[in-house]
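**Student:** predicted structure and sequence below. I'll ask about it afterward.
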Amino acid sequence: MTNPSKRLLLFTAKLGYQTRSFEDAAHKLGVPLLYVTDRCHQLEDPWGDQAIAVHFETPEVAAYTVMEALRGQGDSGILALGDRPAAAAAYAARGLGIRYSHPAAVEACRSKLRMKGIFRDAGLCVPWFRHLPVDPPPEPELLGISYPCVLKPLSLSASQGVVRANNREEFLAAAARIRRLLKSPEILATREAHLDHMLVEGYIPGREVAVEGLLTDGTLRILAIFDKPDPLEGPYFEETIYITPSRLPESMQRAIERCARDAARALGLSHGPIHAEFRVNEDAVWPLEVAPRPIGGLCARALRFCLDGASDPIGLEELLFRHALEFPGWNSPRERIASGVMMIPVPKSGILESVSGERAACSIPGITELSITARLHDAIVAWPEGASYLGFLFARGSTPEKVEQALREAHEKLLFTITPGLPVEHPATHRMTNHGN
């Protein structure tokens with residue numbers, strides 16, 4: 001299949017393992033893939049990929065740069081990988097006349113505070129929540145804070161900086177920890193909005209699930225409901241295992257689907273992929289977040305779809321590619337087999353010195369792939385300050401139970417040697433830091 005008149009604009013903060021899957025889909029479909037990336041515009045195409053250089057912290061300016069670069073050129077589709085590129089993609093789509101969610105809807109997803117308010121006003125289940133500055137340190141007793149509660153930055157992702165507090169002492173410790181994180185040079189360098197405030201909300205007991213969906217002119221198709229079998233009860237909320245299909249009762253799954261549709265509608269999202277998180281308990285389904293983007297990192301490899309007439313299933317990236325360009329097959333069903341991914345957790349901060357046991361892990365029945373993405377001799381950071389995993393394990397099987405068992409057995413075979421980091425002077429602040437601890 002060759003479609004020279006079409007092209008896909010892929011807004012992404014960095015090039016890596018997920019973008020390679022889109023490159024494979026582009027080659028298969030015979031469609032040019034044009035990157036829009038956050039890189040220095042002073043360098044003339046340093047990677048030889050003809051990408052459009054933008055700055056995602058100013059999404060409207062980024063969109064204008066893209067529109068100027070593509071003025072008078074052919075039809076395109078748009079996709080965004082990650083939270084920061086999504087807003088620029090929405091503005092560019094509006095300017096280019098490409099179907100996509102409205103920029104205002106996408107911008108609403110960038111702030112946890114704004115999203116909570118929208119959910120509340122739409123009549124969805126939300127806990128109490130407060131918007132607090134990180135400076136001066138908040139005094140919970142004066143604010144009427146009840147426990148347990150959860151403190152979180154307004155705009156970071158992957159549960160970075162999210163901490164549960166069960167009493168005043170834990171609240172003050174969590175607030176101080178979030179303040180240090182948000183004032184760190186690495187976070188400040190992102191120029192993310194709302195780094196001077198945090199959100200405090202009531203803790204919601206129950207299980208957590210993720211939903212992968214695809215919006216077409218306001219109609220949400222549920223691609224998968226992922227169970228998260230490990231309890232996410234705090235004090236930190238590093239995710240580990242995703243498994244689909246869900247083992248929740250059918251009635252609960254239908255309730256989750258309704259809540260996902262209601263949440264997307266409340267935000268005003270109308271077209272493109274979404275990734276959403278929910279808490280479920282005997283009381284209700286509670287929407288946590290909805291992001292106008294697909295599932296991040298390598299996790300997309302846990303989803304495959306049965307394209308009519310094809311001998312092999314296609315990946316999520318190709319499905320999204322087809323949807324963005326309105327190619328046949330974008331509504332292909334997910335394969336019937338159970339599948340799952342483990343985001344290999346970071347047990348402690350330090351320097352990753354060695355990894356062993358890969359061959360033993362891959363020999364576990366049901367394991368289909370192991371990818372160690374952390375680099376040897378680099379500093380790794382545990383949650384809540386961290387946001388990157390050691391790697392990813394994938395499994396498939398006849399039942400979700402077998403997939404979960406395979407992932408856990410394979411993880412037990414892996415050994416990560418992590419040593420304490422040494423204090424070094426940060427080049428920007430000239431303060432002594434210890435990134436490995």
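**Tutor:** Structure's in. What do you need? Numbers count the residues shown, from 1 in each chain.

**Student:** quick one: furthest residue from the center of the protein?
**Tutor:** Largest separation from the mean C-alpha position in the chain: Leu142, at 34.8 Å (CA atoms, centre = their mean).

**Student:** avg pLDDT for the strand or helix carrying that one?
**Tutor:** Here Leu142, judged by DSSP states H and E, is contained in helix 140-143. Taken as a whole, helix 140-143 has a mean pLDDT of 85.

**Student:** contacts for it?
**Tutor:** Residues outside helix 140-143 that contact it (CB atoms under 8 Å, 6 or more residues apart in numbering) are 130, 132, 168, 171-172. Backbone N, C-alpha and C define where each C-beta goes, glycine included.

**Student:** now secondary structure too, for these, in JSON lines please.
**Tutor:** Formatted as JSON lines, the contacts of helix 140-143 follow (DSSP: H, G, I helix; E, B strand; the rest coil):
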{"residue": "Arg130", "secondary structure": "strand"}
{"residue": "Leu132", "secondary structure": "strand"}
{"residue": "Arg168", "secondary structure": "helix"}
{"residue": "Phe171", "secondary structure": "helix"}
{"residue": "Leu172", "secondary structure": "helix"}
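
**Student:** looks like Ala13 contacts Ala87 (just checking).
**Tutor:** No. Between Ala13 and Ala87 there is no contact under CB atoms under 8 Å: 11.9 Å.

**Student:** follow-up on the earlier one: other residues contacting the helix or strand following the helix holding Leu142?
**Tutor:** Counting by DSSP H and E, the next helix or strand C-terminal to helix 140-143 is strand 149-153. The contact list for strand 149-153 (CB under 8 Å, 6+ apart) reads 112, 160-165, 171, 174-175, 178, 181-182, 194-195, 198-203, 234.

**Student:** of those, keep whichever come out buried.
**Tutor:** Buried members of the contacts of strand 149-153, scored by 16 or more other CB atoms under 10 Å, are 112, 160-165, 171, 174-175, 178, 181-182, 194-195, 198-201, 203, 234.

**Student:** and the gap between the residue nearest to the spatial centre of the chain and Phe305?
**Tutor:** What sits nearest the mean C-alpha location of the chain, by CA atoms, centre = their mean, is Gly296, with 4.3 Å. Distance, Gly296 to Phe305, by CB to CB, to the nearest Å: 19 Å.

**Student:** and for Glu68?
**Tutor:** 36 Å.

**Student:** between these two, who's got more neighbours?
**Tutor:** A count of neighbours by other CB atoms under 10 Å puts Phe305 above the other of Glu68 and Phe305, at 20 against 10.

**Student:** partner residues bridging that one?
**Tutor:** Ile314, Arg334 (DSSP bridges).

**Student:** next one: it from Leu223, what distance?
**Tutor:** 8 Å.

**Student:** need the overlap of contacts for the two.
**Tutor:** 316, 319, 334.

**Student:** what is the nearest of the residues you listed to Asp262?
**Tutor:** Arg334 (22.4 Å; CB to CB).

**Student:** low pLDDT regions in the stretch 1-150 of the chain?
**Tutor:** Residues of the stretch 1-150 of the chain meeting the criterion pLDDT under 70: 1-4, 15-17, 39-49, 74-75.

**Student:** could you give me the buried positions within the longest helix seen in the chain?
**Tutor:** In the chain, assigned by DSSP state H, the helix with the most residues is helix 250-267. Buried residues in helix 250-267, counted by 16+ other CB under 10 Å: 252-253, 255-257, 259-264, 266-267.

**Student:** so how many other residues sit close to Pro205?
**Tutor:** Using other CB under 10 Å, Pro205 has 11 other residues around it.

**Student:** so how many other residues sit close to the nearest residue to it once chain neighbours are set aside?
**Tutor:** Nearest residue to Pro205, sequence neighbours excluded (CB to CB, 6 or more residues apart in numbering): Asn281, at 5.8 Å. Residues near Asn281, counting by other CB under 10 Å, number 13.

**Student:** and the gap between Asn281 and Asp24?
**Tutor:** Distance from Asn281 to Asp24, by CB to CB: 40 Å.

**Student:** same check on Leu182?
**Tutor:** From Leu182 to Asp24 the distance is 37 Å (CB to CB).
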